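> Build me a model:
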Amino acid sequence: MKKLLFFLTILVTTISSWSQTFHPAVKIEFEKVVYVRQLYKELEPEWYERIKDRLPQLSTTYFDFIGDTSRSIYKPGKEVKVDSRTWYQGIADKNVVYNDYKAGTTITQKPIFEETFLVQDSLQKIKWKLTSDTRNIAGYDCRKAIGLIDDSIAIFAFYTDEILINGGPESANGLPGMILGLGMPRIHTTWFATRVEVNGLNLNGVTPATKGKKVDRKTMISSIDKVLKNWGDYGKNMVWNFVI
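Next comes the predicted model:
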């Protein structure tokens with residue numbers, strides 16, 4: 001009886017794996033949500049109390065990801081009307097990220113304050129630990145992973161192995177499948193897929209941005225630190241918005 005149950009379990013698992021469809025190319029709409037009041041309450045508590053009524057609860061922007069197993073582009077998507085009465089301006093909401101997965105390189109255009117950087121470097125190194133938690137995102141069953149950037153910045157991600165791309169929103173990468181959900185608690189920000197397309201894709205537009213001051217990741221962070229060093233704790237915490 002035990003042998004029969006074992007055989008049936010293996011059979012069901014095998015049939016299930018056969019029925020899965022794996023996609024080598026994809027177009028995804030990501031919704032980025034910044035929990036503005038939580039962010040500013042942590043960044044500058046005293047200032048927050050004075051302006052909290054003029055801050056939105058959250059800020060939502062959209063990005064499009066399109067690519068295949070060799071390359072991808074992540075860039076601003078549809079526009080969202082912003083309430084001009086609020087005191088919040090988006091942070092890192094114009095990034096354009098091009099990843100070359102075969103070469104292990106990235107070219108990222110980052111408009112930061114008065115300067116636009118063109119960051120050319122290796123793919124972001126993230127130490128991942130897989131968990132048993134799961135979640136369905138945009139119709140795909142995803143598994144949760146916990147990650148560390150620079151051994152200090154914690155993030156979490158949900159990825160699906162049905163999409164064969166080792167990428168994700170912003171610079172997130174390195175999991176055995178496509179990241180459809182991402183969170184960075186330190187900056188109270190999440191990215192989740194709202195729409196996934198796998199058919200009839202045109203990848204001709206998957207090319208890197210070319211305009212901006214050419215730097216590597218370390219030089220960019222150093223430049224931002226110099227600008228923000230006189231901003232106290234607020235400035236120190238703001239840097240994390242430009243790491244991912």
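> mind listing the strands for this protein?
Along the chain, counting by DSSP state E, strands occupy 25-34, 59-68, 71-76, 96-100, 105-112, 115-122, 126-137, 140-149, 153-160, 178-184, 189-197, 213-215.
> Just say which of those strands is most tucked in.
The highest mean neighbour count among these, using mean count of other CB atoms under 10 Å, belongs to strand 178-184: a mean of 25. For the C-beta atoms, the positions are set from N, CA and C on the backbone; glycine is no exception.
> same for it, what does it pack against?
Contacts of strand 178-184 with other secondary structure elements, assessed using 3 or more CB pairs under 8 Å, 6 or more residues apart in numbering; DSSP states H and E, are made with strand 25-34, strand 126-137, strand 140-149, strand 153-160, strand 189-197.
> So which other helices or strands are in contact with the shortest one?
Which is strand 153-160. Using 3+ CB pairs under 8 Å, 6+ apart, the elements in contact with strand 153-160 are strand 126-137, strand 140-149, strand 178-184.
> Okay, now the unreliable bits of the protein?
By pLDDT under 70, the low-scoring segments of the chain are 1-19, 84-85, 87, 233.
> Tell me which residue is most central in it.
Taking CA atoms, centre = their mean as the criterion, Pro169 is the residue nearest the geometric centre of the chain, at 3.0 Å.
> quick one: that one and Thr21, what's the gap?
Going from Pro169 to Thr21 by CB to CB, to the nearest Å gives 23 Å.
> Please apply the same query to Ile146.
From Ile146 over to Thr21 the distance is 28 Å, taken as CB to CB.
> go on, Tyr62?
In this view, Tyr62 and Thr21 are 26 Å apart by CB to CB.
> cool, Asn136 as well?
Distance check for Asn136 against Thr21: by CB to CB, it reads 16 Å.
> swap in Asp121?
Taking CB to CB as the measure, Asp121 falls 34 Å from Thr21.
> picking up where we left off before, closest to Lys229 out of the helices and strands packed on strand 178-184?
Ranking the helices and strands packed on strand 178-184 by proximity to Lys229 (CB to CB) places strand 153-160 first, at 19.0 Å.
> Sheet partners, orientation included, of the closest one?
Each strand that strand 153-160 pairs with, and the sense of that pairing, follows from DSSP bridges: strand 140-149 (antiparallel), strand 178-184 (antiparallel).
> Lovely, talk soon.
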